[in-house]
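K.L.:
I'll drop the sequence and a predicted model, then ask my questions.
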Amino acid sequence: MDAAVLARAAELRAQIARHDRLYYELDAPEIPDAEYDRLFRELQALEAEYPTLRTADSPTQRVGGKPLDSFAPVRHVVPMLSIRTETDTEASGALNFDARVRRELGLTEEAPPVEYAAELKFDGLAINLRYENGVLVLAATRGDGETGEDVTQNVRTIRDVPLALKPLPTTGQPSLFDAPGLPEVLEVRGEVYMRRDDFDAFNARAIEAGEKTLVNPRNGAAGSIRQLDPAIAAKRPLSFYAYGLGEVRGWTLPDTHAGVLDALAAFGLPVSEHRAVCSGGEALAAFHARIAEARPTLPFDIDGVVYKVNSLALQQRMGFVTREPRWAVAHKYPAQEALTTVQDIEVQVGRTGKLTPVARLAPVFVGGVTVTNATLHNESEIRRKDVHVGDTVIVRRAGDVIPEVVSVLSDRRPADARAFSMPSHCPVCGSDVVREEGEVDHRCTGGLYCSAQRKQALLHFAQRRAMDIEGLGDKLVEQLVDGGLIRSLPDLYRLGVLKLAELDRMAVKSAENLVTALEQSKRTTLGRFLFGLGIRHVGEATAKDLARHLGSMDRIMDASVEELAQVPDVGPVVAASIHTFFAQPHNREVVEQLRACGIVWEEGEAQVASGPLVGKTVVLTGTLPTLSRDQAKDLLEAAGAKVAGSVSKKTDFVVAGTDAGSKLTKAQELGINILDESGLMSMLEKREP
């Protein structure tokens with residue numbers, strides 16, 4: 001796996017995590033659902049091709065979002081998972097899902113159609129209601145899918161939510177109500193939303209009273225549920241629809257999802273009347289079309305419909321894939337559009353240094369929101385769409401969340417319209433802006449200096465495989481940067497116990513531990529230090545190669561592109577990136593200041609490893625008797641080997657411990673040399689200095 005793959009995966013993880021936080025925690029998304037889905041699919045594809053990238057903290061392994069600190073955490077007994085999105089807004093989206101389900105179930109063309117439950121996809125806030133013996137005892141948000149926020153007092157103010165359930169009847173529908181009465185535990189999943197007429201009436205009253213208005217119905221619902229004062233939440237006109245279950249005890253479930261919804265309605269819970277049981281993909285497509293036609297007349301916002309395999313037994317048989325059920329999908333509708341004018345184009349700098357042009361628009365109401373900004377993605381996209389300042393443009397709220405410029409009405413272009421050019425220097429820090437060959441994005445090169453990238457640079461520098469500063473996490477970095485205590489990496493090593501102890505959630509002991517960790521991190525290796533600098537395209541392995549083959553920090557900083565390209569696995573793109581980074585005077589200054597703070601490592605003449613492992617591809621599998629996976633990897637890389645994550649015909653050795661699994665089996669099938677730990681150590685001892 002080359003450095004470009006590692007860098008792209010890291011970039012995707014950072015972008016997705018940021019957009020998860022903007023969407024789930026701050027209710028302030030910046031990109032369309034379709035763009036988020038594209039990033040997510042790209043990361044999934046990379047992890048499928050390179051399994052070692054699939055770490056526990058990858059966004060693909062979890063549902064986005066974290067609970068707010070303002071509310072008590074609630075651990076969901078049954079995780080609140082998201083469902084995959086079908087972005088093909090035409091009828092084929094329904095047909096695609098049906099075909100996928102039939103493949104999963106192994107059905108032939110002659111087999112009867114699959115039965116589905118079709119519902120609306122509400123645009124609000126997901127909530128879990130917990131009833132014990134029929135009484136509402138807890139309400140919690142989705143949060144990160146595993147842990148949500150306790151918002152019971154606010155949910156109690158919603159008149160649609162019954163505080164006590166009705167007992168199920170003992171006669172009338174025995175197939176549905178095999179267990180009459182009330183369950184011991186019934187967790188109901190649903191959506192808190194705001195009707196359009198309630199939203200309009202609330203804003204009208206707010207304007208009359210000179211108070212702040214709500215941005216849109218979805219934000220109004222989410223913001224109301226997150227009010228710390230239940231009296232404020234009670235004034236907000238919220239509604240609720242139930243659509244599923246969490247934990248259930250003491251009740252025999254119906255056989256189908258449609259039966260579950262009917263039973264929830266019998267319990268006295270509000271369930272949308274816009275639902276149907278459909279047989280096969282064509283019926284799903286017809287439901288999608290029918291709701292699309294009715295969408296403008298619905299009293300609330302939706303951004304699609306949801307299809308679920310109706311049989312609960314088949315749902316269980318199909319199961320889940322990572323964070324999503326295989327038996328359900330959300331089928332989106334086309335975004336809504338409106339005309340407006342581009343008043344200016346400004347450039348924003350992201351946490352990873354990416355420059356994003358943003359159109360400042362004349363305010364326009366589209367999709368239930370007054371839009372004033374729209375992303376233009378990159379300079380190539382601006383050129384493709386031919387966007388000028390002063391143009392009249394079509395704006396679309398893709399995914400009903402964030403606006404984008406779809407196209408330009410060039411025949412309305414005024415005589416004084418201005419073309420846009422990406423700045424040559426970062427608008428935040430003044431560093432050079434570069435666009436690498438084969439890429440569409442422009443980037444600021446001042447990663448250690450640029451305030452827009454400061455938090456990301458600190459977190460990368462502190463991670464375990466870099467400087468390994470234990471205790472320096474996201475929340476602490478937020479406080480240090482936002483409080484002005486850290487402006488660049490060297491400021492970390494100037495922190496004192498007294499100043500740290502003044503921060504939120506930092507006692508004297510915690511402050512002392514962090515200062516100790518900072519002191520311990522000062523003795524490191526050149527490879528770790530290089531990796532910690534966050535140079536674009538320079539992953540852990542490349543940093544070690546640079547250290548091993550060039551020998552000293554000064555030689556690396558002063559190397560030409562040609563010299564850098566002589567290092568194994570450092571191609572022209574990576575070499576140019578390293579050279580450009582150290583061509584920035586402020587980046588070199590940060591390195592010198594870090595040295596002055598006492599960070600040291602062993603340096604020497606450039607070394608070229610020799611021995612039986614040089615240039616060999618090695619795969620580690622299982623648990624070794626004395627070496628951890630990281631220790632074994634470090635030893636192998638120091639001996640000139642490449643450590644891969646999967647076995648292939650190109651693998652030279654497999655080092656196997658206990659519980660080796662499928663990698664060992666594949667190595668045996670391919671006839672690859674297999675070593676145990678003692679065999680590995682013997683080969684390492686043969687390495688010549």
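P.N.:
Done, it's in.
K.L.:
so where is the stretch 301-450 of the chain shaky, pLDDT-wise?
P.N.:
Applying pLDDT under 70 to the stretch 301-450 of the chain flags residues 322, 334-336, 367-368, 398-402.
K.L.:
what's the answer for the stretch 151-300 of the chain, then?
P.N.:
Scanning the stretch 151-300 of the chain for pLDDT under 70 picks out 170-180, 215-216.
K.L.:
Can you show me the strands along it?
P.N.:
Here the stretch 151-300 of the chain has its strands, by DSSP state E, counting those that start in this stretch, at 185-193, 239-249, 276-279.
K.L.:
Adding distance to residue 599 and mean neighbour count as columns, could you present those strands in JSON lines?
P.N.:
Every residue, glycine included, has its C-beta placed from N, CA and C. Supplementary listing: these in JSON lines, determined by distance: least, Cβ to Cβ, whole Å; neighbours: other Cβ atoms under 10 Å:
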{"stretch": "strand 185-193", "distance to residue 599": "51", "mean neighbour count": "23"}
{"stretch": "strand 239-249", "distance to residue 599": "50", "mean neighbour count": "19"}
{"stretch": "strand 276-279", "distance to residue 599": "64", "mean neighbour count": "16"}
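K.L.:
and those as JSON lines, adding distance to residue 482?
P.N.:
Formatted as JSON lines, the strands of the stretch 151-300 of the chain follow (distance: least, Cβ to Cβ, whole Å):
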{"stretch": "strand 185-193", "distance to residue 482": "31"}
{"stretch": "strand 239-249", "distance to residue 482": "36"}
{"stretch": "strand 276-279", "distance to residue 482": "50"}
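K.L.:
Looking at the ones you listed, spot the one closest to residue 512.
P.N.:
With Cβ to Cβ as the criterion, residue 512 lies closest to strand 239-249 of these, at 42.5 Å.
K.L.:
Counting neighbours, what do you get for residue 423?
P.N.:
Residues lying near residue 423 (other Cβ atoms under 10 Å) number 14.
K.L.:
I figured it was touching residue 433, is that so?
P.N.:
Yes. Counting by Cβ atoms under 8 Å, residue 423 sits close enough to residue 433 to count as a contact (6.1 Å).
K.L.:
Show me the common contact partners of the two, please.
P.N.:
Taking Cβ atoms under 8 Å, 6 or more residues apart in numbering as the contact rule, the neighbours common to residue 423 and residue 433 are residue 355.
K.L.:
Now do the strands in the stretch 351-500 of the chain.
P.N.:
354-366, 369-375, 392-398, 402-408, 433-434, 442-444.
K.L.:
Pick the most buried one from those strands.
P.N.:
When neighbours are counted by mean count of other Cβ atoms under 10 Å, the highest per-stretch mean among the strands of the stretch 351-500 of the chain falls to strand 442-444, a mean of 25.
K.L.:
Any buried residues in stretch 132-151, and which?
P.N.:
132, 134, 136, 139-151 (16 or more other Cβ atoms under 10 Å).
K.L.:
Grab the CA positions of that stretch and hand them over as PDB.
P.N.:
Provided in PDB are the C-alpha atoms of stretch 132-151 (Å, rounded to 0.1, in the frame of the first residue of the first chain):
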ATOM      1  CA  GLU A 132     -41.800   0.000  31.000                       C
ATOM      2  CA  ASN A 133     -45.100  -1.700  31.700                       C
ATOM      3  CA  GLY A 134     -46.700   0.800  29.400                       C
ATOM      4  CA  VAL A 135     -45.300   4.000  31.100                       C
ATOM      5  CA  LEU A 136     -42.800   6.300  29.400                       C
ATOM      6  CA  VAL A 137     -39.600   6.300  31.500                       C
ATOM      7  CA  LEU A 138     -36.900   7.400  29.100                       C
ATOM      8  CA  ALA A 139     -36.400   9.300  25.800                       C
ATOM      9  CA  ALA A 140     -33.000   9.400  24.100                       C
ATOM     10  CA  THR A 141     -31.500  10.700  20.900                       C
ATOM     11  CA  ARG A 142     -29.600   8.500  18.500                       C
ATOM     12  CA  GLY A 143     -26.200  10.000  19.400                       C
ATOM     13  CA  ASP A 144     -23.500   7.900  17.900                       C
ATOM     14  CA  GLY A 145     -25.800   4.900  17.500                       C
ATOM     15  CA  GLU A 146     -24.500   3.200  20.700                       C
ATOM     16  CA  THR A 147     -24.900   6.100  23.200                       C
ATOM     17  CA  GLY A 148     -27.400   8.900  23.000                       C
ATOM     18  CA  GLU A 149     -28.600  11.900  25.100                       C
ATOM     19  CA  ASP A 150     -31.300  11.700  27.800                       C
ATOM     20  CA  VAL A 151     -34.000  14.200  26.600                       C
END
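K.L.:
picking up where we left off before, which pair in the buried residues of stretch 132-151 spans the largest distance?
P.N.:
134 and 144 (29.2 Å).
K.L.:
quick revisit: among the buried residues of stretch 132-151, which are in strands?
P.N.:
132, 136, 139-141, 147-149 (DSSP state E).
K.L.:
Number of residues surrounding residue 596?
P.N.:
When neighbours are counted by other Cβ under 10 Å, residue 596 registers 10.
K.L.:
residue contacts, it?
P.N.:
Neighbouring residues of residue 596 by Cβ under 8 Å, 6+ apart: residue 490.
K.L.:
which phi and psi does it have?
P.N.:
Main-chain dihedrals, residue 596, degrees, to the nearest 10: phi -60, psi -30.
K.L.:
any idea how far residue 591 is from residue 295?
P.N.:
As judged by Cβ to Cβ, to the nearest Å, residue 295 and residue 591 stand 57 Å apart.
K.L.:
quick one: which of those two has more around it?
P.N.:
Neighbours were counted for residue 295 and for residue 591 using other Cβ under 10 Å; residue 591 has more, 22 against 16.
K.L.:
buried residues in the helix or strand that one falls within?
P.N.:
Following DSSP states H and E, one finds residue 591 within helix 585-596. Residues 586-587, 590-591, 593-594 are the ones in helix 585-596 that count as buried (16+ other Cβ under 10 Å).
K.L.:
Output that helix as CSV, nothing but the C-alphas.
P.N.:
Coordinates of each C-alpha in helix 585-596 appear next as CSV, following Å, rounded to 0.1, in the frame of the first residue of the first chain:
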residue,chain,number,x,y,z
PRO,A,585,10.2,29.1,6.0
HIS,A,586,7.6,28.9,8.8
ASN,A,587,7.5,25.1,8.6
ARG,A,588,11.3,25.0,9.0
GLU,A,589,11.0,27.4,11.9
VAL,A,590,8.5,25.1,13.6
VAL,A,591,11.0,22.2,13.3
GLU,A,592,13.8,24.3,14.8
GLN,A,593,11.6,25.5,17.6
LEU,A,594,10.6,21.9,18.4
ARG,A,595,14.2,21.0,18.5
ALA,A,596,14.8,23.9,20.9
